[in-house]
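J.: Take a look and give me a structure for this.
(one chain, ligands or ions: 1)
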Amino acid sequence: MTATATRALSVQEAIETRRSIRKYVQEPLNQDDLREILRLASLAPSAWNAQTWRFAVVQNPELQAKLQDAAYGQGQVTNAPAVIVVYSDMEDTLNTVEDTAHPGMGEQGRTGQRATFDNVFGSQPVAQRGAWGLSQANIAFGFLMLAARSLGYDTVPMLGFQPDKVKEILGLPEHVQFAGLLPLGKRAEDGFPHHRHSVERITKFY
Ligand SMILES: Cc1cc2nc3c(=O)[nH]c(=O)nc-3n(C[C@H](O)[C@H](O)[C@H](O)COP(=O)(O)O)c2cc1C
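T.: Residues are numbered from 1 along each chain as shown. Okay, the predicted model is just below:
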């Protein structure tokens, strides 16, 4: 399947038109679009370029039914043609941290990257460094929603699920931490218009 988007939305249009969608058109996802959405999300920034995020893409009704069960029965998990599970794997990040040093920095960059991560995270408990990894993965989670919208797709971010059950269903290691589940597809409902604090309410200008 070739990509379907005729014109990607601008960032501004993607932000303005994104809203949580819980009912989707019942058709399989264009796999090229899916790849492109994941690629765009992978361009998110992270501290020291650590790229702690990992994606598990589920397009299997049986698995989606199990995930729905783990998500307290929330219907969008099976209604969407795909669910992207976004999580951070800080242990994998630490084990392979040389891969994230920019090639332009050469061997010195690779050894420096290793030394930095060993120094900062080596003595931290797994859960503590996992929380740091999650703070990076949350950035990619946001990028993912906007990348999807820019290519004409819709999503709903979800944290209403039992993490241990999702780990068991997907065979993920105990140490991973979830940014969220993200049902993905084309909207079959309008969703709610934005209801947000004003800029004045949430901002101090100095
Ligand atoms: C981290 C996070 C977790 C959320 N978890 C759920 C969820 O489990 N189920 C759900 O229906 N919506 C969930 N939402 C969607 C929010 O209710 C929604 O984003 C918010 O009401 C604003 O509406 P909008 O996304 O349409 O702008 C979640 C949103 C975020 C950002």
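J.: all contacts plus neighbour counts: C-alpha atoms, from now on.
T.: Noted.
J.: Can you show me the strands along the chain?
T.: Per DSSP state E, the chain carries strands over the ranges 53-58, 82-88, 154-155, 177-185.
J.: quick one: the shortest one near the ligand?
T.: No - using CA under 6 Å from any ligand atom, strand 154-155 stays clear of the ligand, with a minimum separation of 8.5 Å.
J.: hmm, who's touching that strand?
T.: 18-22, 145, 148-149, 182-187 (CA atoms under 8 Å, 6 or more residues apart in numbering).
J.: Show me how far that strand is from its chain's centre.
T.: 12 Å (CA atoms, centre = their mean, to the nearest Å).
J.: Can you list the low-confidence ranges for this protein?
T.: Within the chain, the ranges that satisfy pLDDT under 70 run 1-6.
J.: What parts of it come near the ligand?
T.: Counting by CA under 6 Å from any ligand atom, the chain sits next to the ligand at 19-20, 156-160, 192, 194.
J.: May I ask which two of those are separated the most?
T.: Spatial extent of the residues of the chain next to the ligand (CA to CA) is set by the pair 160 and 194 at 20.5 Å.
J.: hmm, back to that, could you dump the residues of the chain next to the ligand into a markdown table and include neighbour count?
T.: Formatted as a markdown table, the residues of the chain next to the ligand follow (neighbours: other CA atoms under 10 Å):
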| residue | neighbour count |
| --- | --- |
| 19 | 20 |
| 20 | 20 |
| 156 | 21 |
| 157 | 22 |
| 158 | 18 |
| 159 | 12 |
| 160 | 13 |
| 192 | 9 |
| 194 | 11 |
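J.: All the helices of this structure, in order from the start?
T.: 11-17, 31-41, 61-70, 76-79, 90-95, 106-121, 126-150, 163-170, 199-202 (DSSP state H).
J.: and among those helices, the most buried is which?
T.: helix 76-79 (a mean of 25; mean count of other CA atoms under 10 Å).
J.: residue contacts, the closest residue to residue 146 other than its chain neighbours?
T.: Counting by CA to CA, 6 or more residues apart in numbering, the nearest residue to residue 146 once its immediate chain neighbours are dropped is residue 14, at 5.8 Å. Applying CA under 8 Å, 6+ apart, we find residue 14 in contact with 146-147, 149-150.
J.: Please identify the one among the residues you listed that lies nearest to residue 56.
T.: Using CA to CA, those come closest to residue 56 at residue 147, 16.6 Å.
J.: residue contacts, the closest residue to the closest one other than its chain neighbours?
T.: Spatial nearest neighbour of residue 147, excluding adjacent residues (CA to CA, 6+ apart): residue 37 at 5.4 Å. Residue 37 sits next to 144, 147-148, 151 when contact means CA under 8 Å, 6+ apart.
J.: Go through the residues you listed and name the one nearest the ligand.
T.: Within the contacts of residue 37, the smallest distance to the ligand is 12.1 Å, found for residue 144 (CA to the nearest ligand atom).
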